[in-house]
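>>> when you get a sec, could you give me coordinates for this:
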Amino acid sequence: MEVNFKEIATATMVLFAVIDIVGNIPIIISLREKAGHIHSEKAAIVAAAVMIIFLFLGEEILHLIGINVNEFAVAGAFILFFIAIEMILGVTLFKDDGSSPDMAAIFPLAFPMLAGPGSLTTMLSLKAEYNTENIIIAIIVNIIVIYIVLKTSARLQKFLGKNGIAVIRKVFGVILLAIAVKLFTSNIQELFN
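Predicted coordinates for the structure are as follows:
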């Protein structure tokens, strides 16, 4: 086991930027309003499990079902695109089928928002450069931050108020839309090369 603090710090910062838990606060609040409650522990554990499993088996799983990383990222870009459209326009595209808090914690929160195509493809890139144990530590650090944000989302909602959340939701909706477009364009180019 070769623990390298520089690798851990770099991988942690890269994953933090890609996961963008701070930018996801409006989505988390919106999901909590729809589902009534979000199981923070479950969302964090599922996101961690998906990331760690994908770190070890991601490429093999994708190859097994005949999908490459770029196709996976393009599919994820579509999901992020529609979530962003919901945030910006204030419409509901995803049918609310009376999702329980358990289901909301898994989809769409744990996957594809937290452990989504962006973070999963980033992990495959990090794996090519860094030791696996350092990436696992970086994942754990990010999961702790995610858990804290999920646990405090109700207090954040009270602090920001209804108008503050509406403004942040629109702003981060545009940012999420830009991320979706970037994820789509960069990966669609790779598919045609």
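>>> mind checking how far the residue nearest to the spatial centre of the chain is from I137?
Closest residue to the average C-alpha location of the chain: L114 at 2.3 Å, with C-alpha atoms, centre = their mean. Using C-beta to C-beta, to the nearest Å, we find L114 at a distance of 17 Å from I137. Heads up, the C-betas are built off the backbone N, CA and C, glycines and all.
>>> for this structure, name the helix or strand with the lowest mean pLDDT.
Counting by mean pLDDT, DSSP states H and E, the chain has its least confident helix or strand at helix 101-104, which shows a mean of 74.
>>> helices or strands up against it?
helix 25-35 (3 or more C-beta pairs under 8 Å, 6 or more residues apart in numbering; DSSP states H and E).
>>> hmm, who's touching the helix it packs on?
For helix 25-35, contacts defined as C-beta atoms under 8 Å, 6 or more residues apart in numbering pick out 38, 83, 86-87, 96, 99-101, 103-104, 108-109, 113, 149-150, 153-154, 156-157, 165, 168-169, 172-173, 176.
>>> for the one helix or strand S119 maps to, C-alpha coordinates in PDB please.
Assigned by DSSP states H and E, S119 falls within helix 117-129. Taking Å, rounded to 0.1, in the frame of the first residue of the first chain, the C-alpha atoms of helix 117-129 are listed here in PDB:
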ATOM      1  CA  PRO A 117     -20.900   9.800 -15.500                       C
ATOM      2  CA  GLY A 118     -18.700  12.700 -14.800                       C
ATOM      3  CA  SER A 119     -17.300  11.300 -11.500                       C
ATOM      4  CA  LEU A 120     -17.100   7.800 -12.800                       C
ATOM      5  CA  THR A 121     -15.200   8.600 -16.000                       C
ATOM      6  CA  THR A 122     -13.000  10.900 -13.900                       C
ATOM      7  CA  MET A 123     -12.100   8.000 -11.700                       C
ATOM      8  CA  LEU A 124     -11.100   5.900 -14.700                       C
ATOM      9  CA  SER A 125      -8.800   8.800 -15.700                       C
ATOM     10  CA  LEU A 126      -7.400   9.100 -12.200                       C
ATOM     11  CA  LYS A 127      -6.800   5.300 -12.100                       C
ATOM     12  CA  ALA A 128      -4.500   5.600 -15.100                       C
ATOM     13  CA  GLU A 129      -2.300   8.100 -13.100                       C
END
